[in-house]
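Engineer: A structural model of the following input is requested.
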Amino acid sequence: MNFDHFPVIGPEELTRLGFRLVNPLNRNLSEPQLIATGPSPEQLSLILPNNLIAADTTNTDQIWTGGSRGLNLTGTGVTVGVWDGGAVRGTHQELNGRVSSGDGISTLDNHATHVAGTIGAAGVVNAARGMASRVQIRSYSWNNDLAEMSAAPANLSLSNHSYGYVSGWETRIDWEGVGSVDTWVGDRSVYSVEDPSFGKYSSFSRNLDQVLFDNPNLLSVWAASNDRSNRYLNLNGTNQYYTYLSRGPNGAGWYLVPTSTYGAPPGDGNNATGYDSLPSDGQVAKNNLVVGAINDITADPFTKNNVSMSAFSSWGPTDDGRVKPDIVANGVGLYSSVASADNAYNTLSGTSMAAPNATGTLALLTQHYRDLFGVTPPSATLKGTVIHTAVDAGNIGPDYVYGWGVIDGANAAQFLSDATNDSSGNQVIQGTYNGSALTYSINASPGTPVKATLVWTDPAGNPQADGLDVTSRTLVRDLDLRITGDGTTYYPWTLNPGNPSSAAVRTTRNSVDNVEQVLIDNPASGEYNIRVSHTGNSFRNQNFSLLISGGSNSSPANTITESNTRAINIADNNKANPYPSEIRIAGVTGTVAQVIVTLKGISHTYPDDLDILLIGPNRKKVLLMSDVGGETDIDNVNLTFDQNANNTLSDNGQILSGTYRPSNVDTNTDALPSVPRGIQGNNLEVFNGISPNGAWNLYVRDDKRNDLGAIALGWELSIQTA
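Structural biologist: Predicted structure coming up:
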């Protein structure tokens, strides 16, 4: 079944693309036959495209004029760029007067017109009504998409891309002018199980991310593609197929090969499992929104039990393990306008249809955001809103099948409305990270889940090298999100690309995605601190969007975090160097409400010898650790001391990285040398109520012979003020 509804690429078009057909075909050959020279799979730039029920599926109909939410949204004032295989028919009765050409292309295209109708058909025929019935459409050909996106008008806040580069098995390349044939678009001389382009962060992915980083108010929506069900079909009954051989008998080129010599690779993706079937390029970028396709949902309200995956939609992961697709929408059986006449319609299926289902919904949310806040939302905020409010599907949490879940236009609009009310518990925070951790405090109520979603537009990464499933990381600026409260640190969702069907966990930080979400299912009553920090190289001026629900009284910028990255070298039976190590705070208003100290990269051959003391500006002090860890050496351990932590360090147990309360086993510890006199407390609350401004000093010593150590990366001080 052809879910893309697009004509095959015949010999004439192949010649235009740089192929040279070199031999007449003989299907009885038992040896590989060279049929064409031309671009290798890595060089090939062959692009193929990948409503009322759709609006019901995503609850978009609830925010229309007359909808149950009372919002009367139509997409008025919003312009969407539609990049596709040809021009949108602007005279169609569903779109008349709302389509302009972005690049002068005049060849009308059914697929482009169907996509545009799904986004914004007026509803002259009610069943074909688009998501945003008064949106403006700007039509472009896909041939120069990135350059045109870079030069697009400032009022273009959304773009739709229902196409992708060919990967793996394809039946729409006609080498001989007779119709559909089996082609495997990979180098069969090298690969036999999977086309390595699946999941790869390519140079196109990088360039798209750069365009979106340079245009932070443009949210680019991409169809996930329909490769998951593609496989060898033996369409002509000859047990042959076409593929590229870099080491073919007549040199590199495209060959017709027998399956007896070159066994047909499995279905697309990772050995026909369905996973890792996202084509490289737009579907694998970081800063866009990739949309998969599900079947109709008509239940209101609906739950994950009402959600079913389409037969074709491509699944993640990306080769570096990121969550893609981002969300899913209806992509099966969408009735919309086509270009053959001003009153022509057709029913199509594919992620090509799911993407505009989402894009049209996003146009309504853009209008709603402008109505509420007076400005166009940054793409990170708009992307974060639909992820934060999506209806979970499949495994609990994100997964590589449904992403973060089904886009829910009504829930997203309600979230934005509530964010204007300080008492609602919903918050939209747009901040800038400059290297120092930021903390936002909320008050939680039992039985009300707390959720925080962090999204940022990341600088473009380095393209991954050629090869199968190269896992080099593409994330450039590694922001971290976590929540602390009730003596517990809550971590974001993470997935295991090595076991892609396994459920997400919440046990460690996320080091691959530029979307992170922390969810506390059933918090205890009390204050929780939502912390944005980073790992790795320092950077400045990274904008982010943080969306919070389930707590009240969010209070940004009441935490200052500073660090001293100079290594502290711990001499045998002596004071460390430097002694003390200083962090100086200045210009902070309020008084100390909480102090958190992190020691980075501690190594020592006998940790029981260590004494580490913190002294504040008013000479109040507390032993962070003394006589703990026994004789088991430690190597590159990170320790955070927080009075709200659940555990202390033990007398003789192995010291592991983690968060602990200050831990002093031997209360008769000798006083550290050359330490100013002052009040010594038993815990970090000794500093509460003082001014944070001034010198904070860390004194470290080894109090026995024969052992050495270091705090290789220095230390960090996080102070929350009241």
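Engineer: which residues are in contact with the host helix or strand of Ser718?
Structural biologist: Here Ser718 sits within strand 715-721, counting by DSSP states H and E. Contacting residues not belonging to strand 715-721 are listed as 437, 439, 441, 529, 531, 558-564, 568, 581, 583, 585, 588-600, 692, 696, 698 [C-beta atoms under 8 Å, 6 or more residues apart in numbering]. The C-beta positions use only the backbone N, C-alpha and C, and glycine is treated the same way.
Engineer: which stretches of the stretch 401-550 of the chain form helices?
Structural biologist: With DSSP state H, counting those that start in this stretch as the criterion, the stretch 401-550 of the chain has helices at 409-418.
Engineer: same question for the stretch 201-350 of the chain.
Structural biologist: 203-214.
Engineer: show me where pLDDT drops low in it?
Structural biologist: Across the stretch 201-350 of the chain, not a single residue meets the criterion (pLDDT under 70).
Engineer: the chain now?
Structural biologist: 1-9, 13, 16-17, 21-29, 42-52, 422-423, 553-558, 667-670.
Engineer: Ser157 contacts Asn217, correct?
Structural biologist: Yes - under the criterion of C-beta atoms under 8 Å, Ser157 makes contact with Asn217 at 5.9 Å.
Engineer: tell me which of the two has more neighbours.
Structural biologist: The neighbour comparison of Ser157 against Asn217 (other C-beta atoms under 10 Å) goes to Ser157, with 27 against 20.
Engineer: residues in contact with the more buried one?
Structural biologist: Val78, Thr79, Val80, Asn217, Leu218, Leu219, Thr366, Thr376, Pro377.
Engineer: which stretch of helix or strand covers it?
Structural biologist: Counting by DSSP H and E, Ser157 is part of strand 156-161.
Engineer: residues in a beta bridge with Gln136, which ones?
Structural biologist: Taking DSSP bridges as the rule, Gln136 bridges to Thr79.
Engineer: and it, how many neighbours?
Structural biologist: Counted with other C-beta under 10 Å, Gln136 comes out at 21.
Engineer: wait, it sits on Val78?
Structural biologist: Yes - Gln136 lies in contact with Val78 (C-beta under 8 Å); the separation is 6.9 Å.
Engineer: before we move on, the earlier item: PyMOL command to pick out the buried ones of the contacts of strand 715-721?
Structural biologist: Only the buried entries of the contacts of strand 715-721 go into this PyMOL selection, using 16 or more other C-beta atoms under 10 Å:
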select buried, resi 437+439+441+529+531+558+559+560+561+562+563+564+568+581+583+585+588+592+593+594+595+596+597+598+599+600+692+696+698
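Engineer: does His368 really touch Asn72, like I thought?
Structural biologist: No - the pair His368 / Asn72 is not scored as a contact, 9.9 Å apart, by C-beta under 8 Å.
Engineer: more neighbours, the two?
Structural biologist: His368 (23 against 14).
Engineer: check the secondary structure at Ala152 for me.
Structural biologist: Secondary structure state of Ala152, per DSSP: H, G, I helix; E, B strand; the rest coil, is coil.
Engineer: can you give me the end-to-end span of stretch 236-247?
Structural biologist: The first and final residues of stretch 236-247 sit 26 Å from each other (C-alpha to C-alpha, to the nearest Å).
Engineer: at the geometric centre of the chain, which residue sits there?
Structural biologist: Nearest to the mean C-alpha position of the chain, counting by C-alpha atoms, centre = their mean, stands Val515 at 4.2 Å.
Engineer: give the contact list for the residue nearest to Thr507 when sequence neighbours are not counted.
Structural biologist: Spatially, and ignoring its direct neighbours in sequence, Thr507 is nearest to Tyr491 (6.0 Å; C-beta to C-beta, 6 or more residues apart in numbering). Applying C-beta under 8 Å, 6+ apart to Tyr491 gives the contacts Arg482, Arg506, Thr507, Thr508, Arg509, Asn510, Val518.
Engineer: now the residues you listed as JSON lines including distance to Gly10 and neighbour count?
Structural biologist: What follows is the contacts of Tyr491, written out as JSON lines (distance: C-beta to C-beta, whole Å; neighbours: other C-beta atoms under 10 Å):
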{"residue": "Arg482", "distance to Gly10": "55", "neighbour count": "21"}
{"residue": "Arg506", "distance to Gly10": "51", "neighbour count": "17"}
{"residue": "Thr507", "distance to Gly10": "53", "neighbour count": "8"}
{"residue": "Thr508", "distance to Gly10": "51", "neighbour count": "9"}
{"residue": "Arg509", "distance to Gly10": "51", "neighbour count": "15"}
{"residue": "Asn510", "distance to Gly10": "46", "neighbour count": "27"}
{"residue": "Val518", "distance to Gly10": "52", "neighbour count": "23"}
